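Student: no sequence for this one, just the structure:
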């Protein structure tokens, strides 16, 4: 069984690749929305696949772990796979500490570099570069899949970057201040399709008078609404309009 969170498709692709169509793949955001938070797992392996945010883990994954009841066998192999645009720093430590409090030991940690989607700071690379990055990611995922099948243990993370503890220590606290929704706005090109409302893991969006309205002060800042809007009508701050859009096809 694999628990995953994905806003723009990178981590979903990773989860599906690792599952090989055999293992069950479960969305943590859907589990929260449906209040499906109790799991008794008899599988030989379980995984957590998620993107790195501010060199830590997404709020939705924090909420899922804190509010769920996950019962596993003592001999179950537990692993985590993080997707990142550059590096993960010490994000896995946050996950491991949370799961330890639940009585779950993480046996191995992996990472895979994919297209960076945080448009408030970076422009999306062109399609040629996207393909190059994702082709390399697929090679990494095959290596990770082999390591998981062999139940390798320990830190197998090749993208921690320099000074990982320091980077996470100073960067991750800013995440809660960046999660405010006040910088989101919608342009006239919006067609009121409702996709943004349906996919928001924070349930922070509501369609009112045919347009999305952010009804919560904070969200996950996953930017799924922005990247997946069919008309590119959703913007965040001043830079997003010219920074491009991305969704793993």
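Tutor: Nice, thanks for sending it over. Note that the structure is predicted; figures quoted are calculated from it, not measured.
Student: which other helices and strands contact the longest helix that the chain contains?
Tutor: Longest helix in the chain, counting residues (DSSP state H): helix 127-149. Helices and strands touching helix 127-149, by 3 or more CB pairs under 8 Å, 6 or more residues apart in numbering; DSSP states H and E, are helix 10-19, strand 77-84, strand 108-113. C-beta here means a position set from N, CA and C on the backbone, and glycine is covered the same way.
Student: Out of these, flag the one nearest residue 122.
Tutor: strand 77-84 (12.6 Å; CB to CB).
Student: Rounded mean pLDDT for the very next helix or strand once past that closest one, please.
Tutor: Later in the chain than strand 77-84, the nearest helix or strand by DSSP states H and E is helix 91-101. Averaged across helix 91-101, the pLDDT comes to 96.
Student: Now do the buried residues in helix 91-101.
Tutor: Neighbour-count burial for helix 91-101, counted by 16 or more other CB atoms under 10 Å, picks out 91, 92, 93, 94, 95, 96, 98, 99.
Student: what's the closest of those to residue 32?
Tutor: For the buried residues of helix 91-101, the nearest to residue 32 is residue 98 (15.0 Å; CB to CB).
Student: domains in the protein, as residue ranges please.
Tutor: 2-175, 179-242 (automatic domain parsing).
Student: among those domains, which is nearest residue 248?
Tutor: domain 2-175 (3.0 Å).
Student: Please name whichever of the helices and strands packed on helix 127-149 is nearest to residue 161.
Tutor: Judging the helices and strands packed on helix 127-149 by CB to CB, what sits closest to residue 161 is strand 77-84, at 8.9 Å.
Student: partners of that closest one in the sheet?
Tutor: strand 45-51 (parallel), strand 108-113 (parallel) (DSSP bridges).
Student: Just put the domains of the chain in a markdown table and tack on distance to residue 248.
Tutor: Shown next, in a markdown table, are these (distance: least, CB to CB, whole Å):
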| stretch | distance to residue 248 |
| --- | --- |
| domain 2-175 | 3 |
| domain 179-242 | 10 |
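Student: To residue 249, which of the ones you listed lies closest?
Tutor: domain 2-175 (7.5 Å).
Student: Give me the distance from that closest one to the chain's centre.
Tutor: 7 Å (CA atoms, centre = their mean, to the nearest Å).
Student: Give me the neighbour count for residue 202.
Tutor: Residue neighbour count, defined by other CB atoms under 10 Å, stands at 22 for residue 202.
Student: Tell me the confidence at the closest residue to it other than its chain neighbours?
Tutor: In space, and not counting its chain neighbours, residue 202 is closest to residue 219: 3.9 Å by CB to CB, 6 or more residues apart in numbering. pLDDT recorded at residue 219 is 97.
Student: which residues touch residue 219?
Tutor: By CB atoms under 8 Å, 6 or more residues apart in numbering, the residues touching residue 219 are 179, 181, 200, 201, 202, 204.
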